[in-house]
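would you be able to build a 3D model of this:
(one chain, ligands or ions: 1)
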Amino acid sequence: MEYVSTRGSAQALDFEGATLAGLASDGGLYVPREWPRFSEAEIAEMAGLPYAELAARVMQPFVGVCLTPDRLRQLTTKAYGRFAHRAVTPLVQFDETQWLLELFHGPTLAFKDVALQLLGLLFEEFLERRGQNLTVVGATSGDTGSAAIDAVAGLEKVDIFMLHPRGRVSDVQRRQMTTVLAPNVHNIAIEGSFDDAQAMVKRMFNDRAMTDRFAIGAVNSINWARLMAQVVYYFAAAVQLGAPHRQVAFSVPTGNFGDVFAGYVAARMGLPVAKLIVATNVNDILHRALTSGDYSQGTVTPTAAPSMDIQVSSNFERLLFDLGGADGKAMADQMASFEASKAMQLSNAQAQGAARLLTSARADADDMNRAMSWAWAQCGELIDPHTACAVHAARATDCGPGVPVVSLATAHPAKFGDAVERATGQRPALPARVGDLFEREERCVELAGDYAVIADYVADHAVPRSG
Ligand SMILES: *Cc1c(COP(=O)(O)O)cnc(C)c1O
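Take a look at the predicted model:
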């Protein structure tokens, strides 16, 4: 399988190249040149497979010749063997139509583990093969940092530098990062906001003095391999609920549009998806874009669901590219005009194409609290504030008679215990696997929010591309 950039001019790469590259050199995102399709019979045969086996089947067409089917199955078995639930992503039933897909049984309690546990192993495999070192640089407002650090801790050919805004992540989130003491893990608390940290990371990807010496890699959802791994659980849930013979709808709490784009890919691969509900909090740029075609950046309002407090959704570009007929030149023009004016209008083809599968809903603080208290009082389930946005949207949307609606549960409720307790009166317990988090030693450096200081620190501690 070949991967091309959404902006049309970067070199096409194979799966291995796209996994190690992160962002394309023309500023675009890598997407497969075509979508593999499964027949009804092939989807029917997926029912009842162990998760690791299903994952290997769904991902093999994207991986192509970069890994043999046996090797891919070994990697998925290892990645998903670390999950605390045998089903990896179990389904829970709320009522006759509403379901919950629990994606938080990985080591750091958020759905990002599903993709990052595999991505760490893919990095290791490809870097060994090339005899190359990788310098992962990322910024986090919480969940990505801990999941990425857990996934690459101790890997020989990877160093990870994770920037977080000092004092602005929760204690659980910080400790999940800073208590990992492996020598290749470098936690940096910077003076400033998440946006400041993110801007410095982007600058490093374009800093020739750095990129000439170091292979800089990405762990956020601009990395295609992450989205690929997330396609799997849409298949897992749908076949349990009767696909391919029955349509299934999904409600997805959305920030960077990565998770919901994975659902779009599943539909393109032949999964009978009735509707994909894009669930936002009050940071609703996607809700506005999908209801009126107006994609314009507002200011970020902090909410109880911080991983969705985003105004520019990187992966939306992948959707617009696909709906616009995979025209890289047109996409490059559209994104250039967005970057200049912070606003753009969807084309007719993009708006109509999106409307065929996607719908959206927005949850404010009251909606989130009501969804949490409904899930607890009616169904005995504690859900976190991100998941609450999805459950609110699922209950507010008509997906047709007899269509099951699956809300994606993206974080364990204990990760956002204060908000859950305020809405339900119940304090969710931290699972045993992270139970001694508050006794462990922490390691973290504090640096000024100054690009030169951060770049010097990375250069002093990272291992060059080949060396
Ligand atoms: C990252 C995250 C999201 C948003 O996912 P996207 O792929 O960025 O849309 C939602 N919920 C939680 C808990 C997250 O960590």
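
contacting residues around L75?
67, 118, 121-122, 125 (CB atoms under 8 Å, 6 or more residues apart in numbering). Where C-beta positions appear, they are placed from N, C-alpha and C, glycine not excepted.

what subset of these is also close to the ligand?
Restricting the contacts of L75 to those touching the ligand (CB under 6 Å from any ligand atom) yields no residues.

next, format those as CSV and append pLDDT.
Below are the contacts of L75 laid out as CSV (pLDDT from 0 to 100):
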residue, pLDDT
L67, 98
L118, 98
L121, 98
L122, 98
E125, 98
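
out of those, which comes closest to the ligand?
Distance to the ligand, by CB to the nearest ligand atom, is smallest for L118 among those, at 15.4 Å.

element containing the closest one, please.
In this assignment (DSSP states H and E), L118 forms part of helix 112-130.

using CSV, list the CA coordinates for that helix.
Once non-C-alpha atoms are left out, helix 112-130 reads as follows in CSV (Å, rounded to 0.1, in the frame of the first residue of the first chain):
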residue,chain,number,x,y,z
LYS,A,112,-5.1,6.4,23.1
ASP,A,113,-3.4,3.2,24.4
VAL,A,114,-5.2,1.2,21.8
ALA,A,115,-3.2,2.8,19.0
LEU,A,116,0.0,3.8,20.9
GLN,A,117,0.7,0.4,22.4
LEU,A,118,0.9,-0.9,18.8
LEU,A,119,2.7,2.2,17.5
GLY,A,120,5.6,1.7,20.0
LEU,A,121,6.1,-1.9,18.7
LEU,A,122,6.0,-0.7,15.0
PHE,A,123,8.6,2.0,15.8
GLU,A,124,10.9,-0.7,17.4
GLU,A,125,10.4,-3.1,14.4
PHE,A,126,11.1,-0.6,11.7
LEU,A,127,14.0,1.2,13.5
GLU,A,128,15.8,-2.1,14.2
ARG,A,129,15.4,-3.0,10.5
ARG,A,130,16.9,0.4,9.4
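
in terms of secondary structure, what does that helix contact?
Applying 3 or more CB pairs under 8 Å, 6 or more residues apart in numbering; DSSP states H and E, one finds that helix 112-130 contacts helix 15-21, helix 69-81, strand 134-139, helix 143-152, strand 158-165, helix 224-240.

buried residues in stretch 145-157, which are they?
Neighbour counts using 16 or more other CB atoms under 10 Å place 145-153, 155, 157 of stretch 145-157 among the buried residues.

quick check: residues of the chain near the ligand?
Neighbours of the ligand within the chain, by CB under 6 Å from any ligand atom: 110, 112, 143, 221, 253-259, 307-308, 386, 410-411.

swap the cut-off to 5 Å and go again
Residues of the chain lying near the ligand by CB under 5 Å from any ligand atom: 110, 143, 253-256, 258-259, 307, 386, 410-411.

which parts of the strand or helix carrying T291 are buried?
Following DSSP H and E, one finds T291 within helix 285-292. Buried residues in helix 285-292, defined by neighbour count with 16+ other CB under 10 Å: 285-290.

lowest-confidence one in the residues of the chain next to the ligand?
Confidence by pLDDT is poorest for D143 among the residues of the chain next to the ligand, given 86.

would you agree that one is in contact with A110?
Yes: assessed by CB atoms under 8 Å, D143 is found in contact with A110 at 4.2 Å.

quick one: common contacting residues for these two?
Counting by CB under 8 Å, 6+ apart, the contacts common to D143 and A110 are 307, 411, 415.

which of these sits closest to L181?
The closest of those to L181 turns out to be K415 (CB to CB; 21.5 Å).

count of neighbours near the residue nearest to the closest one when sequence neighbours are not counted?
Spatial nearest neighbour of K415, excluding adjacent residues (CB to CB, 6 or more residues apart in numbering): L109 at 4.9 Å. By the measure other CB atoms under 10 Å, the count of residues near L109 is 27.

didn't G417 look like it was pressed against P428?
Yes: using CB under 8 Å, G417 is in contact with P428, at 5.5 Å.

off-centre distance for the element among helices and strands of the chain having the smallest mean pLDDT?
Each helix and strand of the chain was given a mean pLDDT (mean pLDDT, DSSP states H and E); the minimum falls on helix 194-205 at a mean of 85. Centroid separation for helix 194-205 versus its chain: 18 Å, with CA atoms, centre = their mean, to the nearest Å.
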